[in-house]
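Asks: Below: sequence and its predicted model.
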Amino acid sequence: MCGRYVMARATSDLVSAFAVEQTVGPDVLPSWNVAPTDDVRIVTERYHDDAPVRRLATAKWGLVPVWAKDPKIGARMINARRETLLEKPAFRKAAVKRRALVPADGYYEWEKSPDGKIPTYLYSGTQDPLAFAGLYEFWPDPALPEDHEHKWLLSVTIITTKATDALGHIHDRTPLIIPPDLYADWLDPQLTDGSDVAQLLDAVPEPTLTPRVVSPEVNSVRNDGPQLIEPASA
């Protein structure tokens, strides 16, 4: 799964890295311990005046389906399994109509050991941000009038897949990471056929990531700061 990650880059860095044309929503402060239900940055592409526009938006981490009666359901939908997302009622419409990239510097997993769980930070060796595959939804708050600025809640889930042999010993699931050469295909609002989306999912290559054992300080969502990704003391 993906239940905690790092996103410490400035908005201007994300605009450059993802060729963003428009930025919307409140800014999000850098965090070395992003947790479920936090506000996060996502990259989407939607048509405006007959032309696709790539946006950097702010969403709640934990997808709230449009049919949900209570937005609290989002806390249980932080991840969507790559193997079943085209079948699950909560994700199948978003999979063909509302795909996103979720920028990250890296993410945490906890490796099981005889002495307990070992917090591990996984990251890329390049300077570029990672881009988790995501799905997003707009949920209408029935308690608010149609013209209220907060009528529609934007939320997102991160797609996970089976971990490769190289990382499988740390955790059996890992975020699906979209490489830069597939950004445009993944965000393409004209790609709406389920079979085409399935083929695109199959085309995503295995990422090359570096694991680093870090301090148990990351175990608590109350802790934050760049010290969390430093190597653990021996």
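Replies: Looks like it came in fine.

Asks: in the helix or strand harbouring Thr58, what's buried?
Replies: Taking DSSP states H and E as the definition, Thr58 sits inside strand 51-61. By neighbour count on 16 or more other CB atoms under 10 Å, the buried set for strand 51-61 is 54-61. All C-beta spots, glycine's among them, are computed from the backbone N, C-alpha and C.

Asks: So in that sheet, which strands flank it, and in what orientation?
Replies: For strand 51-61, sheet partners with direction are given as strand 22-23 (parallel), strand 39-48 (antiparallel), strand 152-162 (parallel), following DSSP bridges.

Asks: Just the CA atoms of it, as PDB, please.
Replies: Only the C-alpha atoms of strand 51-61 are listed here, as PDB (Å, rounded to 0.1, in the frame of the first residue of the first chain):
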ATOM      1  CA  ALA A  51      -8.500  22.600 -25.600                       C
ATOM      2  CA  PRO A  52      -6.800  20.500 -22.900                       C
ATOM      3  CA  VAL A  53      -5.500  22.400 -20.000                       C
ATOM      4  CA  ARG A  54      -3.000  20.800 -17.500                       C
ATOM      5  CA  ARG A  55      -3.700  21.900 -14.000                       C
ATOM      6  CA  LEU A  56      -2.000  21.700 -10.600                       C
ATOM      7  CA  ALA A  57      -4.800  21.400  -8.100                       C
ATOM      8  CA  THR A  58      -5.300  20.700  -4.400                       C
ATOM      9  CA  ALA A  59      -7.200  17.500  -3.300                       C
ATOM     10  CA  LYS A  60      -8.100  15.600  -0.200                       C
ATOM     11  CA  TRP A  61      -6.100  12.300   0.000                       C
END
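
Asks: Looking at the strands paired with strand 51-61, which is nearest to Tyr183?
Replies: Tyr183 lies closest to strand 39-48 among these, at 8.0 Å (CB to CB).

Asks: starting at the chain centroid, how far to the closest one?
Replies: Offset of strand 39-48 from its chain centre (CA atoms, centre = their mean, to the nearest Å): 12 Å.

Asks: Many thanks, have a good one.
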